[in-house]
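Peer 1: Let's see this in three dimensions:
(2 chains)
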Amino acid sequence: MSDIKKTPASSTAAGFSTMLDRRQLLLGAVGAATLGVASGFGMRPTRAADRTEISFASASFFGKEGLGDLVKAYNESQDRIMVKFIELPPPSSSTEVYQGLVQQLARRNGTPDVFTQDVVWIAGFASAGWALPLDQYFPKEKRGDYFPGTVAACTYDEKLTALPWFVDSGMFYYRKDLVEKHGGKVPETWDDMATMAAAAQKAGDAKFGYLWQGKQAEVLICDAVEVITSNGGSILSADGKSSVIGDKAAVEAIQFLYDTINKTKISPQNVLSWDEEPSRQPFTSGEAMFMRNWSYVYPIAQDPKASHVVDKVAVAPLPHFAGGKSSACLGGYQLGVNANSKKREAAIEFLIWMSSPETQTRLALNFGLAPSRPAIFQDAKLKAEQPFMASLQNVFTGATPRPITPQYAKVTLALQSSISKALVSGNVQAELKAAAEQINKIIA
Amino acid sequence: MNGAITVPAVDRTPKAKWALPSALWPWLLLLPAFLSLGSVSFYPIVNGVYLSFTNRSLITQDNDFVGLANYAQLLADPPFWNAWWHTIWFTAVSTVLETLIGLAMALILCETFAGRGIVRAAMLVPWAMPTVVTSKMFGWLFDGQHGIINFILLHLGLIDQNVNWYGSPDTALTTIILADVWKTTPFMALLLLTGLQTVPKSLIEAARMDGAKAWIIFWNIRLPLLLPTLLIAGLFRALDAFRVFDLVYVLTGGGPADSTETLSTLSYKVLFSTLQFGYGSAVSTAMFITEGLIAVVFCLFLIRQIRKTT
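Peer 2: Residues are numbered from 1 along each chain as shown, chains lettered A, B, ... in the order given. Below you'll find the model as predicted:
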């Protein structure tokens, strides 16, 4: 309970919940009177002790309200289950969130019963036997309600071991005014993008043509997955048993990133030391024409206090290579149930509520987190309050997961090192061949 | 309150029965310190070394004794040697620079001049700042786009286009070393200053009377007497520099192209990102051994020096 009380009383149901807390506190002394109060609010007189208590661990998300408020709302909505919220660091410290989860799950004592996880941890948690397979609860026909990419990311070894919660993905930000001036149409291929960006740079309309994230960090893998997939390539083969990052499609894609700095010069050298925020700043201060980034940038770009380009920015699917298909790297968080949970049914029930259309709509409206169910994008209120989300639906539809392997943590370190070397030296083919060999050893 | 309490007569004889032999008392009093040191310092080290002989992994749940397999893997692991060389290079260059600049600062601060107290206090500011703050500050100073260093160098005509300090493998490690030198030189200066002040004034006075020039006094009197302090300060600094983590973590995360990966950041990644506790412990044990070797080298010099002077 203490965890729930800690959250600020910003919830719409704050007064209501104070009543509930007090009811539990005073139960022994003035039970009957307080029960009267509770039933006045439509609560059935069930004591907290009779409810099945489950724990829920998550990175802390917040917007107009916090996750604690959401959990509180759930606890108030029904009278059989009581959820205790274990708050982990915010998702910007995702390494710490990961460590916090692993330490708890590795104890195999059933705590936390429910947890939220980044897409790239799913396979590891599943192969360690920490995540409960959910197939019997969510048969194939129910999974059609979600974006296919998110379901793919939640599937390991042909078992559904997580449930999509909200989605994020890489997207293409562009300056409407500059696109208008230099051709009028949002570029669909990387070549068109480079040509337009170079033209705008030459005309002095933008200091930078295209901004992306080249720092030796996780985000570099996301950028790489996008260009590689948009050329029909991949990091792992379809069966997941070997790496194909040394193949032509991937080499061409990374070569393109290298060329943005060294040949077409639409990107500054600095992208090699930039992750999300350093690349976002020049864009929102009006220095760049195109940028690849996550959905969080959109509200910032439209905020007059933080942005010089209010109303001039729009998003589109990322470009692709001629003959390829646009690809966005899948981000976002998913729900999972601890395989050692002793309260499986209650955990599943909470899971269903958390991933329900109602809760996802609330997440979208109050937290700014995009639904993993396409249907919600048609919600009138969502369209009115978060208009940008509706325009992102196309982007989310095809979002591609990063390699799905229990060895992801090792794979990403090897990739970060090799791709960074390729981008610095220009020996793209040699570095990616070496990366493929190394990954083959890791996943063998 | 007043007068109601009567103190009962205490029979002091039983206490004598409990008295310990006086030789045991010091040990008993030291016991809490030993216990706490043992639990927070000795136990983790021993456990770390033990883990390095296992294949412990949180993800695969392996936990078998594998003997020296981790070390065999380590010796054949290019990323390890890459990080090892960077760490040695970082340690050597930053320690030498900090000692030389620190010595110069100490020699200046040793002289009497107006405002010496303020200068001595102000000098310590960089050292007192949290490393994360220093890192962020250097991140901005050397920013490839808006950094003031590029601005100055451009205007002086020393470079003709912005240098991407942290984004290029040629400059990233050097720039991190500069940040470390800026931050830790005051600490060296402080240590060396105390050393300089132990040099008897009479010796210097006498030399001056004999007409010795300043650099002769420095070379023949101050430096030899300062040598033990130099060695100890160098040892402190080298051991500390060898563990460099926060500067690298904040500024580059080990990149670009692994050019700033150090043993600390590597072991952090292996331990806490990939959760290979066995292999990660081998990396940290190798680090521990290298640090031990550095300490031994310094101590040998120190012992030789002490033998020479006594």
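
Peer 1: Strands of the stretch 1-150 of chain A, start to end?
Peer 2: Here the stretch 1-150 of chain A has its strands, by DSSP state E, counting those that start in this stretch, at A:52-59, A:81-88, A:114-118.

Peer 1: what's the last one packed up against?
Peer 2: In this case it means strand A:114-118. Strand A:114-118 sits against strand A:52-59, helix A:94-106, strand A:330-337, helix A:344-354, with contacts defined as 3 or more C-beta pairs under 8 Å, 6 or more residues apart in numbering or on different chains; DSSP states H and E. Where C-beta positions appear, they are placed from N, C-alpha and C, glycine not excepted.

Peer 1: residue contacts, the residue of chain B found nearest chain A?
Peer 2: Residue nearest to chain A within chain B (C-beta to the nearest C-beta): residue B:255, separated by 2.5 Å. By C-beta atoms under 8 Å, 6 or more residues apart in numbering or on different chains, the contact list for residue B:255 reads A:215, A:216, A:217, A:272, A:273, A:416, A:420, B:172, B:261.

Peer 1: So the fourth one versus chain B, what's the distance?
Peer 2: Looking back up the chat, that one is residue A:272. Distance, residue A:272 to chain B, by C-beta to the nearest C-beta, to the nearest Å: 4 Å.

Peer 1: number of nearby residues for that residue?
Peer 2: 26 (other C-beta atoms under 10 Å in any protein chain shown).

Peer 1: per-residue confidence at the residue most central in space within chain B?
Peer 2: In chain B, the residue lying closest to the centroid (C-alpha atoms, centre = their mean) is residue B:240, at 1.3 Å. With respect to pLDDT, residue B:240 has a value of 93.

Peer 1: what about it, which helix or strand?
Peer 2: Assessed by DSSP states H and E, residue B:240 sits inside helix B:223-242.

Peer 1: tally of neighbours for residue A:237?
Peer 2: 12.

Peer 1: which residues touch it?
Peer 2: A:243, A:244.

Peer 1: contacting residues around residue 232?
Peer 2: You didn't pick a chain, so chain A it is. A:249, A:321, A:323, A:324, A:325.

Peer 1: hm, I was asking about chain B
Peer 2: Applying C-beta under 8 Å, 6+ apart, the residues contacting residue B:232 are B:191, B:298, B:302.

Peer 1: Neighbours of the residue nearest to residue A:90 when sequence neighbours are not counted, how many?
Peer 2: Using C-beta to C-beta, 6 or more residues apart in numbering or on different chains and skipping the chain neighbours, the partner closest in space to residue A:90 is residue A:60 (5.3 Å). The local packing of residue A:60 (other C-beta under 10 Å) involves 16 other residues.

Peer 1: I'd say residue A:60 and residue A:92 touch.
Peer 2: No. Residue A:60 lies out of contact with residue A:92 (C-beta atoms under 8 Å); the separation is 10.2 Å.

Peer 1: got a list of contacts for stretch B:93-107?
Peer 2: B:123, B:177, B:180-181, B:184-193, B:195-196, B:218, B:230, B:233-234, B:237-238, B:241.

Peer 1: Let me see the mean pLDDT of that stretch.
Peer 2: Here the average pLDDT along stretch B:93-107 is 95.

Peer 1: relative to helix B:223-242, how tilted is the one helix or strand residue B:177 maps to?
Peer 2: Here residue B:177, judged by DSSP H and E, is contained in helix B:172-197. With axes from the mean of the first three to the mean of the last three C-alpha atoms, to 10 degrees defining the directions, helix B:172-197 sits at 140 degrees from helix B:223-242.

Peer 1: So which elements touch helix B:172-197?
Peer 2: Applying 3+ C-beta pairs under 8 Å, 6+ apart, we find helix B:172-197 packed against helix B:78-110, helix B:116-123, helix B:125-128, helix B:131-141, helix B:223-242, helix B:246-251.

Peer 1: got the contact list for the third one?
Peer 2: Where contact means C-beta under 8 Å, 6+ apart, the residues beyond helix B:125-128 that reach it are B:134, B:182, B:183, B:184, B:185, B:186, B:187, B:190.

Peer 1: again, only using 6 Å
Peer 2: Defining contact as C-beta atoms under 6 Å, 6 or more residues apart in numbering or on different chains, one finds that helix B:125-128 is touched by B:182, B:183, B:186, B:187.
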